[in-house]
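[1] Structure for this input, please:
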Amino acid sequence: MKYDVIVVGAGLAGLVATAELVDEGKSVLLLDQEPEESLGGQAWWSFGGLFLVDSPEQRRLGIKDSHDLAWQDWLGTAGFDREEDEDYWGRKWAEAYVAFAAGEKRDWLRTHGIRFFPVVGWAERGGHLAEGPGNSVPRFHIVWGTGPGIVKPFEEKLRAAVKKGLVHYLPRHRVDELITEKGAVVGVRGARLIPSSVARGETSSREVVDYFEVLAQAVLVTSGGIGANEELIRQNWPERLGSAPKHMITGVPSHVDGRMLAITERAGGRLVNRDRMWHYTEGIKNWNSVWPKHGIRILPGPSSIWFDATGQRLSAPNFPGFDTLGTLEALRRTGYDYSWFILTEEIIEKEFALSGSEQNPDLTGKSIRKVLQRVLPGPTAPVRAFMDKGDDFVVADTLTELVDGMNEITGENLLSVENIERQIIARDREMENPFTKDLQVTAIHGARKYVGDKLVRVAGPHKILDPKKGPLIAVRLHIVSRKTLGGLQTDLSGRVLNTAGELVPGLYAAGEVSGFGGGGVHGYRSLEGTFLGGCLFTGREAGRALAKDLK
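    A predicted model of the protein is given here:
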């Protein structure tokens, strides 16, 4: 055989696994259906947040974290309840990943030249009891260079290996079948697609110009999830979250279609936890779309007031940035596919970040000068562009004008000025004291006790209707599809299992296609910063295990 391993998918997990295999002198064929411009997959588009535990960055900010606290948070968030079957290997991967995040992860990343922004973010704040979902402390470490900064060192290793002849990288090669002999996977068949010059993320042609078949000792599937495949999302939508939304926007390029899941199933692999997925509730339509129905997620601070489509304020703990899945469930019960933030100019300039490398040119471009400009008055340039050009923003000097604009956007006339005004005034009365029964206001005061939030993330507590803090801003929020939490069930070496729990010889999986480990390392919920980290970790472990198995 010409190759030791065929890697299907040139996203982050595939690049990391290839790097590990090359380090052990293995020959690799790396296949991807997209053009070379899309090397790195979804990771390139990401904000670059990574979950680390008890890091020097945390300690410098006075954050006391530990492996035990992180594991407590992971268990409370994941809610594993299929531990004898579908969650068996997912939980084992979770134990290994938390140990990795609390141990060698940071040093391993630094050996690849990856560095971090000094302020640690606090994603998924929870808002429940100590053993409930969410991060007890800030753990969201932003890579200096965001998603491209994570992809770069592994892309460089790939290109060096290509020059040495250790890797053959073939973009525009779509795998349609895994070849099996006597129950073992021994290669792939597929179609060579017409060359494409589309930009990264744009939809490429599926026109076939030829076919191919290649054999190898093993096949590693790293092809991603179903985030852009609305048909599969609706098919697997869980009843516990209510009905699937009729309207969603899409947080990933259209090639994230999940097609390799069914292909791998046909070759004997087992797909578990199909009903677990991770979609965000704070999505806005991209005014400058790259892919169809392109959505951007707002990474909000805790101060915006969240209303459902009819103008009713969401109850605790459904506050911005606290509990993604809980808020999604609450919003699906309303019967509407959208909701609203109402906030002030002072809140938006400090609390609105947009997810994605392209929405954070200062961090992506590693420009200290531009990062420092974030402390200047006014929203960042990307946020200002959405305010000026986006379909989902209303800016007004009075509440009446604001609500009229909100009704005009939807055309449904569901919102009453009197109803919204009553709720905002009631909330504003709670701002008179630093103590209050309003749990969102309490959370705002609590967040500012963390120096990172006080400096760059959470606006000073103030009344929404204070004219000095205006103008008023409303943002229509859509459900934006993103991640697959279930996937191919694998052992701790990334070896794919069948429905009997036995190994499928020659078949491995890593990254999102494996539920970021074991078919579902996150259980029902994510602590954030764990998707990129899951690709890094599973790619590394599968690559190392393959190299060892092939000896």
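[2] now residue 305, nearest residue through space, not along the chain?
    Sequence neighbours aside, residue 342 is the residue nearest to residue 305 in space, at 4.9 Å (criterion: Cβ to Cβ, 6 or more residues apart in numbering). Heads up, the C-betas are built off the backbone N, CA and C, glycines and all.
[3] Where does that neighbour sit, in terms of helix or strand?
    strand 338-344 (DSSP states H and E).
[4] Check which element follows that strand along the chain.
    Beyond strand 338-344 on the C-terminal side, the first helix or strand identified by DSSP H and E is helix 345-351.
[5] So in that sheet, which strands flank the helix or strand that that next one is followed by, and in what orientation?
    Going down the chain from helix 345-351, the next helix or strand is strand 352-354, by DSSP H and E. Strands that pair with strand 352-354, judged by DSSP bridges, come out as strand 295-300 (antiparallel).
[6] Let's see the pLDDT reported for the residue of the chain positioned farthest from its centre.
    Here the centre of the chain is the reference, and by Cα atoms, centre = their mean the most remote residue is residue 182, at 38.1 Å. Note on residue 182: pLDDT of 94.
[7] ditto for residue 1
    Residue 1 carries a pLDDT value of 64.
[8] Contact partners for residue 47?
    142, 146-147, 299, 353, 355-357, 359-360 (Cβ atoms under 8 Å, 6 or more residues apart in numbering).
[9] from these, which ones fall inside helices?
    Judged by DSSP state H, helices contain the following of the contacts of residue 47: 146-147.
[10] Just the closest of the contacts of residue 47 to residue 34, please.
    Nearest to residue 34 out of these is residue 147 (Cβ to Cβ; 15.8 Å).
[11] Hmm, the closest one is touching residue 41, no?
    No - using Cβ atoms under 8 Å, residue 147 is not in contact with residue 41, being 9.7 Å away.
[12] Who has more neighbours out of those two?
    Counted by other Cβ atoms under 10 Å, residue 147 and residue 41 do not tie: residue 41 has more neighbours, with 31 against 26.
[13] So the more buried one versus residue 476, what's the distance?
    Noted for residue 41: a distance of 29 Å to residue 476, by Cβ to Cβ, to the nearest Å.
[14] Using the three-state scheme, assign residue 391.
    coil (DSSP: H, G, I helix; E, B strand; the rest coil).
[15] can you start the count at 12 instead of 1 from here on
    Fine by me, first position is 12 from now on; the one you just mentioned is residue 402.
[16] Burial check on it, number of neighbours?
    Using other Cβ under 10 Å, residue 402 has 12 neighbouring residues.
[17] do the same with residue 173
    16.
[18] Check the offset of stretch 434-453 from the chain's centre.
    32 Å (Cα atoms, centre = their mean, to the nearest Å).
[19] In the lowest-mean-pLDDT helix or strand in the chain, which residues are buried?
    When each helix and strand of the chain is scored by mean pLDDT, DSSP states H and E, helix 379-383 comes last, with a mean of 85. For helix 379-383, a neighbour-count test (16 or more other Cβ atoms under 10 Å) marks 381-382 as buried.
[20] Show me what the host helix or strand of residue 543 is packed up against.
    Per DSSP H and E: residue 543 is located in helix 542-560. Helix 542-560 sits against helix 23-34, strand 60-62, helix 99-113, helix 116-122, helix 157-175, strand 219-232, strand 514-520, with contacts defined as 3 or more Cβ pairs under 8 Å, 6 or more residues apart in numbering; DSSP states H and E.
[21] Those into TSV, with extra columns for mean pLDDT?
    Below are these laid out as TSV (pLDDT from 0 to 100):
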stretch	mean pLDDT
helix 23-34	98
strand 60-62	98
helix 99-113	98
helix 116-122	98
helix 157-175	98
strand 219-232	98
strand 514-520	98
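[22] Look at residue 388 and report its pLDDT.
    The model's pLDDT for residue 388 equals 83.
[23] Now for it: which residues touch it?
    Residues near residue 388 by Cβ under 8 Å, 6+ apart: residue 360.
[24] Regarding it, what is its secondary structure?
    coil.
[25] What average pLDDT does the host helix or strand of residue 84 get?
    According to DSSP H and E, residue 84 maps onto helix 78-89. Mean pLDDT, helix 78-89: 98.
[26] Contact partners for residue 226?
    Contact analysis of residue 226 by Cβ under 8 Å, 6+ apart lists 12-14, 190, 197-198.
[27] which helices and strands sit right next to the strand holding residue 353?
    Partner elements for strand 349-355 (3+ Cβ pairs under 8 Å, 6+ apart): strand 316-319, helix 410-421, strand 483-495.
[28] For residue 25, which of those is the nearest?
    Closest to residue 25 of the helices and strands packed on strand 349-355, according to Cβ to Cβ: strand 483-495, at 16.0 Å.
[29] any idea how far the closest one is from the chain center?
    Here strand 483-495 shows a centroid-to-chain-centroid distance of 14 Å under the convention Cα atoms, centre = their mean.
[30] Send me that strand as CSV with only the CA atoms.
    Taking Å, rounded to 0.1, in the frame of the first residue of the first chain, the C-alpha atoms of strand 483-495 are listed here in CSV:
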residue,chain,number,x,y,z
LEU,A,483,-31.6,52.7,23.1
ILE,A,484,-30.9,49.6,21.0
ALA,A,485,-32.9,46.5,20.2
VAL,A,486,-31.4,43.4,18.6
ARG,A,487,-33.6,40.7,17.0
LEU,A,488,-32.0,37.3,17.8
HIS,A,489,-32.3,34.2,15.7
ILE,A,490,-31.4,30.6,16.5
VAL,A,491,-28.1,29.9,14.7
SER,A,492,-27.1,26.3,14.0
ARG,A,493,-23.6,25.3,15.0
LYS,A,494,-22.4,22.1,16.6
THR,A,495,-23.1,18.4,16.7
